[in-house]
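In: build me a structure from this.
(2 chains)
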Amino acid sequence: MPKITMNVNGASVSAEVENRTVLSAALREEMGLTGTHIGCDTSQCGACVVHVNGKAVKACTMFAVEADGANVDTIEGQAHADGSLNIIQQAFQDHHGLQCGFCTPGMIMSAAALLKDNPKPTEAEIRDYLEGNICRCTGYQGIVNAIMAASGQSAAIAAE
Amino acid sequence: MYNFEFAKPKTVEEAASAMAAEGAQALGGGQTLLPTMKQRLASPEVLVSLTGIDGMVGVSASGGSVTIGGATTHAQVAADVAESYPALAALAANIGDPAVRNRGTVGGSLANNDPAACYPAGALGSGATITTNKRDIAADDYFQGMFETALDEGEIITSVSFPIPQKANYQKFDQPASRFALVGVFVAKTPDGVRVAVTGASNEGVYRWTAAETALNSDFSQAALEGMSGDADDMISDLHGSGAYRAHLVGVLTRRAVAACG
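Out: I've put the predicted structure just below:
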């Protein structure tokens, strides 16, 4: 089997994977990073969003061999070194941005990608950017509020 | 999905030779191909990744046109042609969702020619030229029906050249679950006349709405299209919308696109 080496959350990691292994499966099953969730496995739900070379992608819809040599950032690398939550994670906790938590890793990684490109998004821009992230608890208002707060803006009040 | 051999060539020549293998299939961003392989609707024996070929990624503008490498992602197109060809940038910026746009490529979209994809409307509406490792193909000759193109077996889209129209606009009526176009209309006003390309609607895939082009050539205004709609008999009819509904949308979206052209 091909051996791939990636820089995952700042550490070099190698694994042997089949060509058909998708990145989400490699992260979870070969590297033990089960924070990246597999919801639909068809690139609809966004629970598996990670960053590959700084870009948000759906890890279920990319082969692990395509990420050979890449920098990969997952939810496990988001907290600070001392274990405290980063600003987005803390905002999700403070603003009820999660209920069951299944979609949360993807939501956090999408939010991080959005705020990197657009540090002060409007509520409409946040909703547009999260088009590919589905929350089955339908907790979108809390999620949008959390991202508004993480970007230093007062949280939206009215639901759409 | 079934397993396969994986090739990641560095040059177009290496890619072409890898594509000569039995059961070989080009891999762009994989946003359609991976789900298709998971469902075992496709089971290529060799996947030839095109995203590692430097010469196939990037955008250049010169002489009134923009040329986009075949392996350039939608996100990069949206950013890099925002000034030179805003209507095309807007089209690219509204494909799928952000994570899909960071992987999906213009060459992959055109090679697949999904009947509801956005890029076929942009390419046909603009009168683009599709360049492969073998030849140049005019968009008017390229699209040959649902999922059918002029590409030969193993042929690779290396770049696509879009002439920049005087005015252009793309109107997409989203199918919110798939994020494809339920109907999409690209209108371009060029020195050689108006072009209207419709995606998502016809059983034959993307097509030029010539009746609307004729009307707009004599009067480029919404009023020139008053009362016109697509031909419901030719339209896709499914649980998302009847043929009559799509035919109506073709007229509405074309008028909106003309209005947005200003």
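In: all strands of the chain, in order?
Out: Picked chain A for this. In chain A, the strands defined using DSSP state E lie at A:3-8, A:11-16, A:49-52, A:55-58, A:71-73.
In: oops, I was thinking of chain B
Out: Assigned by DSSP E, the strands in chain B fall at B:5-7, B:24-27, B:46-49, B:59-62, B:65-69, B:129-132, B:136-138, B:157-163, B:167-174, B:181-190, B:193-199, B:207-208.
In: in a markdown table, list the strands of chain A along with distance to A:Pro119, mean neighbour count and mean pLDDT.
Out: Every residue, glycine included, has its C-beta placed from N, CA and C. Supplementary listing: the strands of chain A in a markdown table, determined by distance: least, Cβ to Cβ, whole Å; neighbours: other Cβ atoms under 10 Å in any protein chain shown; pLDDT from 0 to 100:
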| stretch | distance to A:Pro119 | mean neighbour count | mean pLDDT |
| --- | --- | --- | --- |
| strand A:3-8 | 25 | 17 | 97 |
| strand A:11-16 | 27 | 12 | 96 |
| strand A:49-52 | 17 | 26 | 98 |
| strand A:55-58 | 16 | 28 | 98 |
| strand A:71-73 | 18 | 19 | 98 |
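In: and of those, who's closest to chain B?
Out: Closest to chain B of those, according to Cβ to the nearest Cβ: strand A:55-58, at 4.2 Å.
In: just checking: what are the partner strands of that closest one?
Out: strand A:49-52 (antiparallel) (DSSP bridges).
In: just want the angle from the helix of greatest length in chain B to strand B:167-174.
Out: The longest helix of chain B (DSSP state H) is helix B:243-261. Between the axes of helix B:243-261 and strand B:167-174, defined by axes from the mean of the first three to the mean of the last three Cα atoms, to 10 degrees, the angle is 140 degrees.
In: so what angle separates the directions of helix B:243-261 and strand B:193-199?
Out: Using the same axes, to 10 degrees, helix B:243-261 lies at 140 degrees relative to strand B:193-199.
In: helices and strands around helix B:243-261, which ones?
Out: Judged by 3 or more Cβ pairs under 8 Å, 6 or more residues apart in numbering or on different chains; DSSP states H and E, helix B:243-261 is in contact with strand B:167-174, strand B:181-190, strand B:193-199.
In: what is the rounded mean pLDDT of the shortest one?
Out: Yep, that's strand B:193-199 we're talking about. For strand B:193-199, mean pLDDT is 98.
In: not counting its own residues, what contacts it?
Out: Contacts to strand B:193-199, defined as Cβ atoms under 8 Å, 6 or more residues apart in numbering or on different chains, come from residues B:115-118, B:120-127, B:165, B:181, B:183-188, B:205-210, B:212-213, B:216-217, B:220, B:230, B:250, B:254.
In: and those, which are buried?
Out: Applying 16 or more other Cβ atoms under 10 Å in any protein chain shown to the contacts of strand B:193-199, the neighbour count classes B:115-118, B:120-127, B:165, B:181, B:183-188, B:205-209, B:212-213, B:216, B:230, B:250, B:254 as buried.
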